[in-house]
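S.K.: Give the three-dimensional model of this entry:
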Amino acid sequence: MSDIIRRDPRAEWIARNRLHPLHAAMQAQQTQWMGPNGVLRKNPHAVGFIGPNGIKRIDRSGASQGATSKRSAAEVLVPLHQVPLPAFYIVVVPDMVGGRLSSHDRDVLGLAHGLAGSDGAVLAVVFGEHKETAFGTFGVDRLLQIDGDAFAGYAPEQRVQGLRAVDNQFNPRHWLLPDSRSGGGELGRRLAAALGERPATRVWQVKDGLCSGRAGAGQQDLVRGLARLILAAAECAEPVSETRHEALPVELSTGAARSLARIEDLGPVPVDPATIAMAEAEFILSGGNGVKDWALFHRATAALGATEGASRVAVDDGFMPRNRQVGATGTWVTARVYVAVGISGAIQHLQGIGACDKVVAINLDPGCDMIKRADLAVIGDSAAILQALIEAVDNYRNGARRDAA
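M.R.: Now for the predicted structure:
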């Protein structure tokens, strides 16, 4: 056999021609790599297959895996992680914005799970009532809920007293809090002062007994030994997805000590949803090419108290400003609830809403990609559905006023 390497001119031509149906198959695509923050990234363009007509297809329904539901398949296949007698505890104090775990909280729980290993247990401390039902899905082995009016609202001094009681009872090996503006950054620094610990702040990676944190306005890394109190940045670790956890409830044996608060919480201040940045909005009503009555869309947004968003088509057509564009070519959003009105679901848009908790799709096409991505789908005319939403909100508010009177 000859050792001469033969060239294939046709294959080389296909590799150069981006319009050829087999162009993607000729490329040596990298499916995953390690990002700058130490998080494993995946290439979404490498997902899919070439159909019989030479068109790339992506199956987001889960049918190709033989499962009727991604969640039901995960619940069946993911093993249960149990720690009957923990050798030590890793305590996490999530922000719980809106009463649920945020994406930042889930990253911190993933970091805690890595530090706990197989012998330790992750203990989550939650103040007041919450709406979260999936603590076990995201790596919580023990759940401690501290109730009381003294801990409601903005009460950092009282919460530090509660956390000191947790420290006395459980003696955790590590404390983990999200280094965020939602309360974790301030609470973590107050706790560090109360415990006499030197915290590791803005930590984006924990590896080989070392903490790597951002410094110098995010331009430099500060590496130090593994601290007992860690304030973790977003994407510090991958959220727990390969195991289920028990989330067994525990209680304080002595109760949290209370002192005279020097801070008085006067309650929340109403904020205009239009002034909220897209990346920080919790509730977004986004319009696309399927919206024909934009005046009705704006009235629905005002009635629901949502922040307005839009697809690229709506922005290009001049119906919405450029700073309201959602997607990979616009703004990546992390809303609790994302309502897509008349948006078919281009891949760039789906990438931009990948971190949203609940997605509601309103569309006439039951087979579009946004319907497949949505947690709740409403098939029908967007104008009629938005009008019904406005009437439902008005009736609810009028009923609440009558009950109050």
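
S.K.: Show me how far stretch 115-122 is from its chain's centre.
M.R.: Offset of stretch 115-122 from its chain centre (CA atoms, centre = their mean, to the nearest Å): 23 Å.

S.K.: With stretch 116-131 instead?
M.R.: 18 Å.

S.K.: Now do the buried residues in it.
M.R.: 116, 120, 121, 122, 123, 124, 125, 126, 127, 128, 130 (16 or more other CB atoms under 10 Å). Every residue, glycine included, has its C-beta placed from N, CA and C.

S.K.: Could you work out the end-to-end span of that stretch for me?
M.R.: End-to-end distance of stretch 116-131: 26 Å, with CA to CA, to the nearest Å as the criterion.

S.K.: Residue 214 sits in which helix or strand?
M.R.: Using DSSP states H and E, residue 214 sits in strand 210-215.

S.K.: May I ask you to confirm that residue 221 belongs to a strand?
M.R.: Yes: Residue 221: assigned to a strand according to DSSP: H, G, I helix; E, B strand; the rest coil.

S.K.: wait, it sits on residue 210?
M.R.: No: checked against CB atoms under 8 Å, the pair residue 221 and residue 210 is beyond contact range at 10.5 Å.

S.K.: okay, now residue 224: neighbour count?
M.R.: 12 (other CB atoms under 10 Å).

S.K.: Low-confidence regions, the stretch 151-300 of the chain specifically.
M.R.: 255-260 (pLDDT under 70).

S.K.: switch to 90 and redo it
M.R.: 151-158, 181-183, 215-221, 234-235, 241-243, 253-282 (pLDDT under 90).

S.K.: show me where the stretch 301-405 of the chain has helices.
M.R.: Secondary structure of the stretch 301-405 of the chain (DSSP state H, counting those that start in this stretch): helices located at 312-316, 347-352, 369-373, 382-404.

S.K.: For the residue nearest the centre of the chain, give me its contacts.
M.R.: Taking CA atoms, centre = their mean, the centroid of the chain lies closest to residue 103, which sits 2.8 Å from it. Counting by CB atoms under 8 Å, 6 or more residues apart in numbering, residue 103 touches 234, 239, 334, 355.

S.K.: any idea which helix or strand carries the first one?
M.R.: So the one you mean is residue 234. Counting by DSSP H and E, no helix or strand carries residue 234.

S.K.: From residue 112, how far out is the spatially closest residue to it that is not a sequence neighbour?
M.R.: Of all residues not flanking residue 234 in the chain, residue 104 sits nearest, at 4.8 Å (CB to CB, 6 or more residues apart in numbering). Separation of residue 104 from residue 112 (CB to CB, to the nearest Å) stands at 13 Å.

S.K.: give me phi/psi at residue 89?
M.R.: Main-chain torsions, residue 89, degrees, to the nearest 10: phi -120, psi 150.

S.K.: Could you verify my assumption that it touches residue 124?
M.R.: No: look at residue 89 against residue 124 with CB under 8 Å: they stay out of range, at 10.5 Å.

S.K.: joint contacts of those two?
M.R.: Common neighbours of residue 89 and residue 124 (CB under 8 Å, 6+ apart) are residue 142.

S.K.: re earlier: using the three-state scheme, assign the residue nearest to residue 234.
M.R.: Residue 104 ends up helix, using three-state DSSP.

S.K.: which ones are touching it?
M.R.: So residue 104 contacts 95, 178, 180, 182, 184, 234 (CB under 8 Å, 6+ apart).

S.K.: what sits against the fifth one?
M.R.: When the contact criterion is CB under 8 Å, 6+ apart, the partners of residue 184 are 93, 94, 95, 104, 177, 178, 231.

S.K.: Export these as CSV, with columns for secondary structure.
M.R.: Formatted as CSV, the contacts of residue 184 follow (three-state DSSP):
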residue, secondary structure
93, coil
94, coil
95, coil
104, helix
177, strand
178, strand
231, strand
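
S.K.: Residue 370: which of those residues is nearest?
M.R.: residue 104 (25.5 Å; CB to CB).

S.K.: The closest one and residue 336: what is the separation?
M.R.: Taking CB to CB, one finds residue 104 at 13 Å from residue 336.

S.K.: cool, and residue 162?
M.R.: Residue 162 sits 26 Å away from residue 336 when distances are taken as CB to CB.

S.K.: Could you do residue 315 as well?
M.R.: In terms of CB to CB, residue 315 sits 23 Å off from residue 336.

S.K.: what do you get for residue 368?
M.R.: 23 Å.

S.K.: still on that earlier bit, neighbour count for residue 315 and residue 336, which is higher?
M.R.: More crowded of residue 315 and residue 336, by other CB under 10 Å: residue 315, with 22 against 17.
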